[in-house]
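Peer 1: Only the shape, not the letters, is given here:
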Ligand SMILES: [Fe+2]
Ligand SMILES: [Fe+2]
C-alpha cells in the first residue's frame with residue numbers, strides 16, 4: 001500500500017457531466033403540464049384515476065399494435081433487402097420493434113387482468129387487422145421500406161416524444177431508449193430514399209420509384225396523428241399524458257418533412273390529397 005496522504009475531501013459539489021461522459025439526468029418527479037401540473041407523478045397502475053388508467057391502456061394498445069404490425073411488414077425483407085448492410089439493419093429494426101412491443105405490453109401487464117386481456121388481443125392480431133391503416137399495407141418494394149421508415153416511423157417518433165416526461169412515470173421512463181432506437185429507423189429510411197435518387201440503379205431503384213413510395217405512404221402517415229379537435233387528445237393533454245394536440249403534432253411534422261424531402265430531390269405531396277382522417 002502506498003503511504004501517501006489522502007486527498008482532501010472536496011467541499012464543492014461534483015461538476016455535472018454530460019450523458020456522453022457517463023453523467024445522468026435526475027428524473028423529473030412532478031407532473032409538468034395539464035390540470036395537475038406540479039403534483040407528484042403517478043408511479044403505479046393502481047394509483048391512477050379510472051379515466052387515466054383507461055386512457056393509458058388505450059394508448060398502449062395502439063402503440064404496441066403498431067410495433068407488432070411493423071414486424072410483420074418488415075419480415076419479408078429480412079432476407080431480400082438489396083445489400084448486406086441493409087439486411088443487417090432490417091434485422092435490427094425487427095428486433096427493436098419487438099422490444100418496443102414488449103415494453104408497451106409490460107406497461108399493460110401492470111393493469112392486471114384487464115391489461116393481460118389486451119395483451120392477448122394484441123398477440124392474436126393478424127396482418128390486415130391492425131388499428132391504423134399505415135400498418136395494414138404490405139411493403140411491395142424496397143422503396144416502400146424506405147418511405148415507411150422515413151415517413152411512418154417518424155410519426156411514431158412524434159407520438160413517443162409526446163409521452164416524454166409525461167405524468168405516468170413508467171411510461172415516461174420507457175421513452176428515451178425507444179426514441180434513440182427509432183432514430184436509427186428514420187435515418188435508415190431517409191438514406192434508402194436518398195440513395196435511390198442519387199445513385200439510381202447503382203444502388204437499387206430510381207428517383208421515380210422513391211417518389212411513388214413517398215406519395216403512397218405520406219397520406220397514411222398524416223392520418224396517423226388522428227382527428228383534429230379530438231376529445232381524447234385534449235383529455236390526454238389535461239391529464240399530463242400527451243404534450244401536443246393531434247393538429248399541433250401534425251403541423252410540426254409537416255414543417256420537418258418538407259425540407260427533408262426537398263433536400264434529396266423529392267417533393268412533398270399535397271397534405272390534403274388521399275387523406276382519410278382529418
Ligand atoms: Fe417502434
Ligand atoms: Fe421503428
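Peer 2: Looks like it came in fine. Remember, it's a predicted structure, so these values are computed and weren't measured experimentally. Ligands and ions are numbered 1, 2, ... in the order given.
Peer 1: Report pLDDT for the residue of the chain found nearest ligand 1.
Peer 2: At 3.8 Å from ligand 1, residue 100 is the closest residue in the chain, using C-beta to the ion. Placement of C-beta: from N, CA and C, glycine included. Listed pLDDT for residue 100 reads 98.
Peer 1: so what's it up against?
Peer 2: 63-64, 67, 178, 181 (C-beta atoms under 8 Å, 6 or more residues apart in numbering).
Peer 1: mind checking how far it is from ligand 2?
Peer 2: Between residue 100 and ligand 2 the computed distance is 7 Å (C-beta to the ion, to the nearest Å).
Peer 1: Over to residue 123?
Peer 2: For residue 123, the distance to ligand 2 - C-beta to the ion - is 19 Å.
Peer 1: Point me to the helix or strand that includes that residue.
Peer 2: helix 112-124 (DSSP states H and E).
Peer 1: Show me what the helix or strand just after that helix is packed against.
Peer 2: Moving toward the C-terminus from helix 112-124, the next helix or strand (DSSP H and E) is helix 142-147. Applying 3 or more C-beta pairs under 8 Å, 6 or more residues apart in numbering; DSSP states H and E, one finds that helix 142-147 makes contact with helix 169-199, helix 207-223.
Peer 1: could you give the mean pLDDT of helix 142-147?
Peer 2: Per-residue scores along helix 142-147 average to 98.
Peer 1: swap in stretch 117-132?
Peer 2: 97.
Peer 1: Establish whether that stretch and ligand 1 are in contact.
Peer 2: No. Stretch 117-132 stays clear of ligand 1 (C-beta under 5 Å from the ion), getting no nearer than 12.9 Å.
Peer 1: So which bits of the stretch 101-250 of the chain are right by ligand 2?
Peer 2: 153, 182, 185.
Peer 1: Just put those residues in JSON lines and tack on pLDDT and distance to residue 90.
Peer 2: JSON lines is the format used below for these (pLDDT from 0 to 100; distance: C-beta to C-beta, whole Å):
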{"residue": "153", "pLDDT": "98", "distance to residue 90": "13"}
{"residue": "182", "pLDDT": "97", "distance to residue 90": "15"}
{"residue": "185", "pLDDT": "97", "distance to residue 90": "10"}
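Peer 1: Using the three-state scheme, assign the residue in the stretch 1-150 of the chain positioned nearest to ligand 2.
Peer 2: Relative to ligand 2, the nearest point of the stretch 1-150 of the chain is residue 97 (5.6 Å; C-beta to the ion). Taken by DSSP: H, G, I helix; E, B strand; the rest coil, the conformation at residue 97 corresponds to helix.
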